[in-house]
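> coordinates only, sequence not included:
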């Protein structure tokens with residue numbers, strides 16, 4: 001009798017998305033839910049909405065970003081590998097993102113992505129990140145970023161599982 005050989009099982013992984021903004025259009029919620037349910041049991045995906053600070057009435061963009069920073073910092077899971085989405089970050093390919101996920105899984109990292117508010121994020125928050133990443137050189141609406149990030153994370157996981165979703 002010879003034991004069957006199975007590919008090594010990756011440990012479970014936690015991915016948290018912190019997104020400044022609430023009241024997204026229905027299509028955003030629907031698309032994020034569709035991709036996030038495809039992860040399977042190995043990935044625990046959570047999207048947390050962060051209340052944006054109201055602008056106007058004497059509240060500057062700097063004051064608004066500082067208030068949002070406080071809410072973001074409170075929501076980051078303890079010890080998480082922090083990734084800030086920013087237009088000046090590196091833009092990985094889907095295969096490179098898959099390699100990052102493989103490494104984070106092997107290291108037992110809880111990965112936390114942050115999507116900032118309308119005015120962006122404070123430099124202090126960016127300095128706390130272990131990685132800055134961009135999804136596009138284009139400016140994208142926040143709802144679209146949620147969908148695109150969730151889809152790309154699912155795509156990266158499907159690459160690691162040799163699933164036919166991604167084609168080279």
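Good, I have the coordinates. The structure presented is a predicted model; accordingly, all values stated were derived computationally and were not measured.
> Mind listing residues that contact whichever strand or helix holds residue 74?
Secondary structure from DSSP states H and E places residue 74 in helix 61-75. Residues from elsewhere that reach helix 61-75, judged by Cβ atoms under 8 Å, 6 or more residues apart in numbering: 18, 20, 48, 50-55, 114, 116-117, 119-122, 124-125. Just so you know, the C-beta spots here come from the backbone N, C-alpha and C atoms, and that holds for glycine as well.
> Sort out which of those residues are buried, if you could.
18, 20, 50, 52-53, 114, 116-117, 119-122, 125 (16 or more other Cβ atoms under 10 Å).
> Farthest-apart pair in the residues you listed, please.
Within the buried ones among the contacts of helix 61-75, 18 and 119 form the most distant pair, 16.0 Å apart (Cβ to Cβ).
> wait, what's in contact with residue 129?
82-84, 114.
> Give the pairing partners of the longest strand anywhere in the chain; include direction for each.
Longest strand of the chain, by residue count under DSSP state E: strand 81-90. With DSSP bridges as the test, strand 81-90 is paired with strand 110-115 (parallel), strand 131-133 (parallel).
> Distance to residue 64 for these - can I get that in TSV?
As requested, the strands paired with strand 81-90 are exported to TSV (distance: least, Cβ to Cβ, whole Å):
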stretch	distance to residue 64
strand 110-115	15
strand 131-133	21
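> Most tightly packed of those strands?
Mean neighbour count (mean count of other Cβ atoms under 10 Å) peaks for strand 110-115 among those, with a mean of 23.
> Which members of the buried ones among the contacts of helix 61-75 occur in helices, if any?
Here DSSP state H is the test, and the buried ones among the contacts of helix 61-75 give residue 125 as lying in helices.
> rewinding a little: neighbour-wise, which of the contacts of residue 129 leads?
In terms of neighbours by other Cβ atoms under 10 Å, these top out with residue 114 at 27 neighbours.
> Let me see the residues that make contact with the helix or strand containing residue 45.
Taking DSSP H and E as the criterion, residue 45 maps to strand 43-50. Residues outside strand 43-50 that contact it (Cβ under 8 Å, 6+ apart): 12-22, 32, 36, 39, 68, 71-72, 75, 117, 146, 150, 153, 157.
> hang on, the earlier thing: now tabulate the strands paired with strand 81-90 in TSV and tack on distance to residue 94 and mean pLDDT.
Shown next, in TSV, are these (distance: least, Cβ to Cβ, whole Å; pLDDT from 0 to 100):
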stretch	distance to residue 94	mean pLDDT
strand 110-115	15	97
strand 131-133	13	97
